[in-house]
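> Return atomic coordinates for the entry below.
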Amino acid sequence: MAKVLKLTGRVKVRVNKKATYIGAGSDVTEIAKADMNKYGLKEKDIDRIVNSGCGFIHDDDAVPMPRINVLVEAIHALDRENEDEFTESGVPEVAVLKELTESQVTAVERDQAWEEYQRRYPEAAE
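From the prediction side, this is the model:
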């Protein structure tokens, strides 16, 4: 998954040992996780930026939470005893979720919704 640090405020960093500001009001408002060393950022710096409210980590591959909520509700409506509604590995069938939500559902969406479902309803996911 592609992680990106999105900057919402101004942050002082060291680029080539020279102090500079990035974030609000600059050309750099987001940094791919892979490029963070280029800006002299270490994990503790990223934590400091996030904790200060000047930025947040965004996962470009993440399914939006409203969509996850719709799919979690659909999963919750499934009958765990009905083998036709789940794959052999125990995850909900994409086709069944498509039918319940009356919309296209990808395996990525299903997988992220399944993880969220298990987090919300640990007793039901057993």
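
> in the longest helix along the chain, what counts as buried?
Ordering each helix of the chain by length in residues (DSSP state H) puts helix 107-120 first. Residues of helix 107-120 classed as buried by neighbour count (16 or more other Cβ atoms under 10 Å): 109-110, 112-114, 116-117. Where you see a C-beta, it was placed from the backbone N, CA and C, and this is true even at glycine.

> cool, and stretch 83-102?
Buried residues in stretch 83-102 (16+ other Cβ under 10 Å): 85-86, 91-94, 96-97, 100.

> Considering those residues, which is situated nearest to K17?
Nearest to K17, judged by Cβ to Cβ, of the buried residues of stretch 83-102 is V91 at 49.6 Å.

> ok, that closest one touching E109?
No. Using Cβ atoms under 8 Å, V91 makes no contact with E109, being 11.9 Å away.

> low pLDDT regions in the chain?
1-2, 60, 125-126 (pLDDT under 70).

> one step back: export the buried residues of helix 107-120 as TSV, with columns for distance to P64.
Shown next, in TSV, are the buried residues of helix 107-120 (distance: Cβ to Cβ, whole Å):
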residue	distance to P64
E109	10
R110	15
Q112	10
A113	11
W114	16
E116	12
Y117	16
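
> Out of these, the closest to L78 would be?
Taking Cβ to Cβ as the measure, L78 lies nearest Y117 of those, at 9.6 Å.
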